[in-house]
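*Asks:* Sequence first, then the predicted structure, then my questions.
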Amino acid sequence: MEDIKALRKKIDEIDAQLVKAFTDRIAVCEEIGKIKKEKGMPIVDEAREAEIIEAFKGKLSERDFGYVKSLYKRIFTLCEACQK
């Protein structure tokens, strides 16, 4: 069984990947926000958000889906803020 230090090292590596992916996502969302402003489109696209969450539904356990859904709701809120 791995010790806690080794597991925490794995978490640190995963966290670095998450931060990189999230900051990349924010940069893309800022570009989308510019386009939405130019075209007079609303920032929030509930249909798109539902589509993203629904895509995870059959791929995850019920428990994991609940966590991912909660995570993405927060991600959507943060991305909407960066588009304003």
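*Replies:* Looks like it came in fine.
*Asks:* Sketch out the low-pLDDT regions of this protein for me.
*Replies:* For the chain, the stretches with pLDDT under 70 are 1.
*Asks:* Can you tell me which helices and strands the helix or strand containing Lys20 packs against?
*Replies:* Element membership for Lys20 (DSSP states H and E) is helix 4-39. If contacts are counted by 3 or more CB pairs under 8 Å, 6 or more residues apart in numbering; DSSP states H and E, helix 4-39 sits against helix 62-83. To be clear about C-beta, it is placed using only N, CA and C from the backbone, and glycine gets the same treatment.
*Asks:* how close does Ala47 sit to Glu2?
*Replies:* 43 Å (CB to CB, to the nearest Å).
*Asks:* now Glu13
*Replies:* Counting by CB to CB, the gap from Glu13 to Glu2 is 14 Å.
*Asks:* again, but for Ile43
*Replies:* 44 Å.
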